[in-house]
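Colleague: would you be able to build a 3D model of this:
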Amino acid sequence: MTSAAPSRRWIMGAGLGAAAAGLAGCSGEPAPVRRLRLATGPEGGPYNAFGKALAQALAADGRGPEIVPVSTAASVDNLRQLDEGTVELALAMADTAEDAALGRESFARPATRVSALARVYVNYTHLLVPADGPVREAGALAGRPVAAGAAGSGVQVIAGRVLRATGRGSDAAPPDERPLGLAASVDALRAGRVDALFWSGGVPTPALTGLARELPLRFLPLDSHVGPLRERYGPVYSAVTLPAGVYGLNEPVGTIGVGNYLLARDDLPRSAVEPLLRVVFDRWRDLLHEVTAGVRLEPRFAISTGSVPLHPGAVAYYRSVYG
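Modeller: Prediction:
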């Protein structure tokens with residue numbers, strides 16, 4: 001995990017002190033927010049699990065707004081809904097959020113109403129194939145059917161970037177990228193309708209653990225692509241390792257890590273942010289239990305949100321609690 005960039009540390013200090021002071025100096029806060037819609041992901045997915053856990057934690061706390069998880073296609077869809085105002089909160093992968101902030105690739109213009117509350121955990125990019133099949137590296141997927149993530153998902157973004165980076169010249173047929181969610185991807189790989197499966201999520205991902213019990217799998221290393229991806233898209237990507245033992249792996253497999261952000265509309269009142277973040281930091285073990293293992297949520301990690309600005313209410317919360 002990477003620590004906050006110097007510019008972000010500056011923001012946490014004097015730079016946004018003025019912003020926090022400006023908020024405090026306003027004539028008055030809007031009426032208390034009672035209900036917030038949180039764009040998550042498909043039913044049964046990790047974002048949906050996180051959203052439901054957060055809703056339960058806020059309800060048990062009793063001092064914050066009600067959270068209503070909304071099922072979506074995930075990252076790209078979530079950012080569009082947040083910017084348009086059909087939801088007040090969203091979860092998204094860091095690379096897709098960076099695209100939204102800069103107005104590139106999936107986003108025709110910058111998503112100007114999007115701000116960050118916290119970077120909450122890291123996704124691990126999984127690329128798996130049948131162990132007895134012919135594919136032993138990502139570059140061998142030319143012309144082959146690949147489950148490349150649901151349309152509108154962050155998985156589809158990272159899968160497309162990896163596949164483009166591993167193309168072997170203009171004469172090679174491109175992979176047949178099929179827009180399938182996790183459950184459909186697992187079914188397709190099991191049935192032999194695709195030769196490879198991309199997934200970006202916590203470790204272990206239960207659906208992949210179950211598949212590994214049924215079908216011998218090979219997890220392909222992707223860590224060699226981290227450098228080129230960082231050069232093109234910035235530090236949203238990092239080198240991480242699928243540890244030995246998970247999914248029955250006999251040895252570690254290097255791959256690509258991508259952070260996940262908890263996001264908010266920039267016009268969300270500050271009074272709604274503080275109780276939300278307090279619960280996130282008090283209950284992070286419960287929130288991440290069904291999503292990923294072996295991680296902890298730390299402020300220096302949480303405030304690293306790249307080109308996505310921290311919500312002023314989040315700045316005020318971090319400064320009040322951590323100095």
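Colleague: chain neighbours aside, what residue packs nearest to residue 179?
Modeller: Leaving aside its sequence neighbours, residue 179 sits nearest to residue 151 (Cβ to Cβ, 6 or more residues apart in numbering; 4.3 Å). Where C-beta positions appear, they are placed from N, C-alpha and C, glycine not excepted.
Colleague: kindly report the same for residue 214.
Modeller: residue 190 (6.7 Å).
Colleague: any idea whether that neighbour is helix, strand or coil?
Modeller: When classified by DSSP: H, G, I helix; E, B strand; the rest coil, residue 190 comes out as helix.
Colleague: quick one: the helices in this protein?
Modeller: 6-10, 16-24, 46-61, 75-84, 94-102, 154-165, 182-191, 206-214, 226-233, 270-282, 284-288, 299-302, 312-322 (DSSP state H).
Colleague: next one: residue 249 from residue 85, what distance?
Modeller: Residue 249 sits 43 Å away from residue 85, going by Cβ to Cβ, to the nearest Å.
Colleague: just checking, the residue nearest to residue 179 touches residue 73?
Modeller: Yes: with contact defined as Cβ atoms under 8 Å, residue 151 counts as touching residue 73 (6.2 Å).
Colleague: tell me which of those two has more neighbours.
Modeller: Neighbours per residue, other Cβ atoms under 10 Å: of residue 151 and residue 73, the larger number sits with residue 73, 21 against 13.
Colleague: burial check on the closest residue to the more buried one other than its chain neighbours, number of neighbours?
Modeller: Nearest residue to residue 73, sequence neighbours excluded (Cβ to Cβ, 6+ apart): residue 152, at 3.3 Å. Using other Cβ under 10 Å, residue 152 has 21 neighbouring residues.
Colleague: and residue 152, what are its phi and psi?
Modeller: phi 90, psi 10 (degrees, to the nearest 10).
Colleague: in contact with it, which residues?
Modeller: Contact partners of residue 152, counting by Cβ atoms under 8 Å, 6 or more residues apart in numbering, are 72-77.
Colleague: out of the residues you listed, which is most surrounded?
Modeller: residue 75 leads those on contacts (other Cβ under 10 Å) with 35 neighbours.
Colleague: so it touches residue 93, yeah?
Modeller: Yes: counting by Cβ under 8 Å, residue 75 touches residue 93, with 4.7 Å between them.
Colleague: please identify every residue contacting each of the two.
Modeller: 154, 157.
Colleague: show me where the stretch 101-250 of the chain has its strands.
Modeller: All strands of the stretch 101-250 of the chain, identified by DSSP state E, counting those that start in this stretch, fall at 114-130, 145-147, 176-178, 196-201, 217-219, 237-242.
Colleague: quick check: the residue nearest to residue 179 vs residue 76, distance?
Modeller: 8 Å.
Colleague: now swap in residue 251 and tell me
Modeller: Taken as Cβ to Cβ, the span from residue 251 to residue 76 is 34 Å.
Colleague: residue 270 - nearest residue in space that isn't next to it in sequence?
Modeller: In space, residue 270 is closest to residue 313, 3.6 Å off (Cβ to Cβ, 6+ apart).
Colleague: swap in residue 263?
Modeller: In space, residue 263 is closest to residue 90, 4.6 Å off (Cβ to Cβ, 6+ apart).
Colleague: what sits against the one you found?
Modeller: So residue 90 contacts 38-39, 78-79, 81-82, 114, 262-264 (Cβ under 8 Å, 6+ apart).
Colleague: can you list the residues you listed in TSV and add pLDDT and distance to residue 273?
Modeller: Below are these laid out as TSV (pLDDT from 0 to 100; distance: Cβ to Cβ, whole Å):
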residue	pLDDT	distance to residue 273
38	98	13
39	98	17
78	97	18
79	98	19
81	97	19
82	98	15
114	98	14
262	98	10
263	98	12
264	98	7
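Colleague: pick out whichever of those sits closest to residue 307.
Modeller: Nearest to residue 307 among the contacts of residue 90 is residue 114, at 10.3 Å by Cβ to Cβ.
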